[in-house]
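**Student:** A structural model of the following input is requested.
(one chain, ligands or ions: 1)
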Amino acid sequence: MAVLDRTRPPDSGVVVRDLTLAYGSTVVQHELSFHVRPASIFVIMGVSGCGKSTLLRHMIDLEQAAQGDITFDGQRLWTENVAERRALQRRIGVLFQSTALWSSMTVGENVGLPLQLHTRLSAAEIRDQVAFKLALVGLAGQESRMPSELSGGMQKRAGLARAIALDPDYLFLDEPSAGLDPITSQRLDSLIMNLRDALQLSVIAVTHELPSIFTIADDSIYLDNESRRAIAHGDPRALADNAEHARVRAFLNRQSLDASTRAEGDGPEFPARSEVL
Ligand SMILES: Nc1ncnc2c1ncn2[C@@H]1O[C@H](COP(=O)(O)OP(=O)(O)OP(=O)(O)O)[C@@H](O)[C@H]1O
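**Tutor:** Residues are numbered from 1 along each chain as shown. Alright, predicted model coming up:
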């Protein structure tokens, strides 16, 4: 269960506490509290517009909330100590939905860029690191190719290699399987789980792709679009059957709420032919 234990604050992993997300006076989500365990995959799910990307943007420090707090292994993200904040940002890797690879740079240059910008490694050391990270994501020897020469799945892998270039402890994924066919998406899911295990990464993924959710999630939170609150936490496989809220069960069983509450054996509600003509 991911619900925050307020009596014994966990000192490891990512802790989100009473976080309210808003644009101006419009609240997107109220008082979110949850715990991402170290070396686990935590999925943020919910229907379009519920605030998944907004939450992710706050967790990677692109935005700061007026209310609430986020800590990584006990360290506050929104500290006023700039050096501490930068150091923490460096421990966070991000794969954006678009992959955000630079189209004018080779794959190797893309993966090496964070190392060039944020470390004092020599050119040879950077080359070694790039080769190692590309091998980890199944792209060994692809350094000199341009992003446009890669398939969608390979671009995601290259984006992942860049996201882990600085050996982060926390990896954020924004809709990782968006735009991929089911087989490529499945392979990406396996890679994400392998990276969690091999690098002991805490992975936080935003997605509404059910096959991915059921495959990769160790734990999850469901952001509700109507109440603007998190209305379910836990293993999505269990939530699909046992979630208290019908909207969560409907989402995880890919049903419309009407259909999920209709009696078993009822047919779908198509309008009568005469109503359509
Ligand atoms: N920069 C912004 N300014 C004002 N409102 C915004 C801004 N970005 C998002 N919103 C609004 O905040 C709400 C949540 O948006 P968000 O993109 O976080 O949802 P989401 O769950 O990620 O959706 P999707 O799955 O479609 O990407 C939406 O109502 C959206 O219109």
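**Student:** then stretch 88-106 to PDB, C-alphas only?
**Tutor:** Extracted in PDB, the C-alpha atoms of stretch 88-106 (Å, rounded to 0.1, in the frame of the first residue of the first chain):
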ATOM      1  CA  LEU A  88      19.100  16.800  -5.900                       C
ATOM      2  CA  GLN A  89      18.000  17.700  -9.400                       C
ATOM      3  CA  ARG A  90      21.000  15.800 -10.700                       C
ATOM      4  CA  ARG A  91      19.800  12.600  -9.000                       C
ATOM      5  CA  ILE A  92      16.600  12.800 -11.100                       C
ATOM      6  CA  GLY A  93      16.400  11.400 -14.600                       C
ATOM      7  CA  VAL A  94      13.500  12.200 -16.900                       C
ATOM      8  CA  LEU A  95      12.200  10.600 -20.100                       C
ATOM      9  CA  PHE A  96       9.700  13.000 -21.700                       C
ATOM     10  CA  GLN A  97       6.900  11.800 -23.800                       C
ATOM     11  CA  SER A  98       8.500  13.300 -26.900                       C
ATOM     12  CA  THR A  99      11.900  11.900 -25.900                       C
ATOM     13  CA  ALA A 100      13.300  15.400 -26.400                       C
ATOM     14  CA  LEU A 101      16.300  14.100 -28.300                       C
ATOM     15  CA  TRP A 102      18.200  16.900 -30.100                       C
ATOM     16  CA  SER A 103      17.600  16.100 -33.800                       C
ATOM     17  CA  SER A 104      20.900  17.800 -34.900                       C
ATOM     18  CA  MET A 105      23.000  15.600 -32.600                       C
ATOM     19  CA  THR A 106      23.900  11.900 -33.000                       C
END
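**Student:** pLDDT score for residue 266?
**Tutor:** Per-residue pLDDT puts residue 266 at 38.
**Student:** and the residue in the stretch 151-277 of the chain that the ligand sits nearest to, how many neighbours?
**Tutor:** Nearest residue of the stretch 151-277 of the chain to the ligand (C-beta to the nearest ligand atom) works out as residue 208 at 6.0 Å. The way it works is simple: take the backbone N, C-alpha and C, and place the C-beta from them, glycine included. Residue 208: 17 surrounding residues under other C-beta atoms under 10 Å.
**Student:** what's the answer for residue 176, then?
**Tutor:** Applying other C-beta under 10 Å, I find that residue 176 has 26 neighbouring residues.
**Student:** residue contacts, it?
**Tutor:** 95, 156, 188, 192, 205, 207, 212 (C-beta atoms under 8 Å, 6 or more residues apart in numbering).
**Student:** just list whatever residues bridge to the first one.
**Tutor:** What it means is residue 95. The partner list for residue 95 in beta bridges (DSSP bridges) reads residue 173.
**Student:** check which helix or strand covers the closest residue in space to residue 121 that isn't next to it in sequence.
**Tutor:** Spatially, and ignoring its direct neighbours in sequence, residue 121 is nearest to residue 115 (5.6 Å; C-beta to C-beta, 6 or more residues apart in numbering). According to DSSP states H and E, residue 115 maps onto helix 107-118.
**Student:** sorry, back to before: wait, isn't the residue nearest to residue 121 in contact with residue 126?
**Tutor:** Yes: in this structure, residue 115 is within contact of residue 126 by C-beta atoms under 8 Å, at 4.8 Å.
**Student:** quick revisit: for the helix holding residue 115, give me every contacting residue.
**Tutor:** Helix 107-118 is contacted by residues 90, 101-102, 105, 121, 126-127, 129-130, 133-134, 139, 142-147, 150, 158, 161-162, 165-166 when judged by C-beta under 8 Å, 6+ apart.
**Student:** what ranges do the helices span in the stretch 51-200 of the chain?
**Tutor:** Here the stretch 51-200 of the chain has its helices, by DSSP state H, counting those that start in this stretch, at 52-59, 82-90, 107-118, 123-136, 152-163, 182-199.
**Student:** columns mean pLDDT on top of the ones you listed, output as TSV?
**Tutor:** Formatted as TSV, these follow (pLDDT from 0 to 100):
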stretch	mean pLDDT
helix 52-59	96
helix 82-90	93
helix 107-118	95
helix 123-136	96
helix 152-163	94
helix 182-199	94
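**Student:** quick one: contacts for the residue positioned nearest the centre of the chain?
**Tutor:** Taking C-alpha atoms, centre = their mean, the centroid of the chain lies closest to residue 205, which sits 1.6 Å from it. Residue 205 makes contact with 41, 42, 43, 44, 172, 173, 176, 192, 212, 216, 217, according to C-beta under 8 Å, 6+ apart.
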